[in-house]
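S.K.: Kindly generate the corresponding structure for this input.
(2 chains)
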Amino acid sequence: DGGITQSPKYLFRKEGQNVTLSCEQNLNHDAMYWYRQDPGQGLRLIYYSQIVNDFQKGDIAEGYSVSREKKESFPLTVTSAQKNPTAFYLCASSMVASEYYEQYFGPGTRLTVT
Amino acid sequence: AQKVTQAQTEISVVEKEDVTLDCVYETRDTTYYLFWYKQPPSGELVFLIRRNSFDEQNEISGRYSWNFQKSTSSFNFTITASQVVDSAVYFCALSGRTGTYKYIFGTGTRLKVLA
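M.R.: Below you'll find the model as predicted:
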């Protein structure tokens, strides 16, 4: 089955530690995205990548970093510089980075930092 | 600026009732796309529909229907004969060239269907 996998489902970290969230897709999509979801708010774009070895900041990139070394993988690192890292993180992909194509989402990772 | 407003934070209905979820958008783009996604308790957003700005035909898919009206900048979603499995958070989203391929999401409407 084609789809997007994110692991783990739940992640706990101590404040001051960097943590990397995994996102893998086997849909052969060029574009991948990371969103953050907080209670009562819509999804906010952190980073997106249109193609391998290329990525752009979204609306809330501060305190986050990404890499896109393989088409299938788009890991997100939440650094200690992110002031409020506790949130639900969703990875998505689309055929290409276009306003037309729908995005497909993974099951999400809920990160709790204490 | 682009904006999506889902004024209904939470709606509760009894099973078999019809329910309409509202979505109002703002954009300066002449070409844009509107989407609806469902987020069940599992967390994964599920794509429901895409509508482009040049197609104002209403669409029906089973118990789901969508009403797109450019005159009022609205793209409302109706579930007919609701079921408990429809309980979820529903998001409306907008994309257009001004947004550099990103979606602008509304804050979502939580629908609770009671048995």
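S.K.: Identify the bridge partners of the residue nearest the centre of chain A.
M.R.: In chain A, the centroid-proximal residue (CA atoms, centre = their mean) is residue A:34; its distance is 2.8 Å. According to DSSP bridges, the residues that bridge with residue A:34 are residue A:47, residue A:91.
S.K.: Looks like it contacts residue A:43 (just checking).
M.R.: No: using CB atoms under 8 Å as the test, residue A:34 is too far from residue A:43 to be in contact (9.9 Å). To be clear about C-beta, it is placed using only N, CA and C from the backbone, and glycine gets the same treatment.
S.K.: Need the overlap of contacts for the two.
M.R.: When contacts are counted by CB atoms under 8 Å, 6 or more residues apart in numbering or on different chains, residue A:34 and residue A:43 have residue A:90 as shared neighbours.
S.K.: what's whichever residue of chain A sits closest to chain B in contact with, if anything?
M.R.: The nearest approach of chain A to chain B comes at residue A:42, 3.4 Å away (CB to the nearest CB). Contact analysis of residue A:42 by CB under 8 Å, 6+ apart lists B:4, B:91, B:104, B:105, B:106, B:107, B:108.
S.K.: go again using 10 Å as the cut-off
M.R.: The contact partners of residue A:42, by CB atoms under 10 Å, 6 or more residues apart in numbering or on different chains, come to A:35, B:4, B:6, B:91, B:92, B:93, B:103, B:104, B:105, B:106, B:107, B:108.
S.K.: what's the pLDDT at residue A:2?
M.R.: For residue A:2, the model assigns a pLDDT of 70.
S.K.: and it, that one's in a helix?
M.R.: No: Residue A:2 sits outside any helix when classified using DSSP: H, G, I helix; E, B strand; the rest coil, being coil.
S.K.: correct me, but it touches residue A:28?
M.R.: Yes: if you go by CB atoms under 10 Å, residue A:2 and residue A:28 touch, sitting 8.1 Å apart.
S.K.: about what we covered before: can you add neighbour count and give the contacts of residue A:42 back as CSV?
M.R.: Output for the contacts of residue A:42, formatted as CSV (neighbours: other CB atoms under 10 Å in any protein chain shown):
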residue, neighbour count
A:35, 28
B:4, 23
B:6, 21
B:91, 25
B:92, 29
B:93, 25
B:103, 26
B:104, 24
B:105, 22
B:106, 26
B:107, 17
B:108, 23
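S.K.: Include secondary structure, distance to residue B:44 and pLDDT when you put those residues into TSV, please.
M.R.: Formatted as TSV, those follow (DSSP: H, G, I helix; E, B strand; the rest coil; distance: CB to CB, whole Å; pLDDT from 0 to 100):
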residue	secondary structure	distance to residue B:44	pLDDT
A:35	strand	12	96
B:4	strand	20	95
B:6	coil	19	97
B:91	strand	12	97
B:92	strand	17	97
B:93	strand	15	95
B:103	coil	16	88
B:104	strand	20	91
B:105	strand	15	93
B:106	coil	18	95
B:107	coil	18	95
B:108	coil	14	96
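S.K.: The closest residue to chain A within chain B: what's its closest spatial neighbour, skipping adjacent residues?
M.R.: Here chain B gets closest to chain A at one residue, residue B:105, 3.4 Å apart by CB to the nearest CB. Distance criterion CB to CB, 6 or more residues apart in numbering or on different chains; nearest residue to residue B:105, sequence neighbours excluded, is residue A:42 at 3.4 Å.
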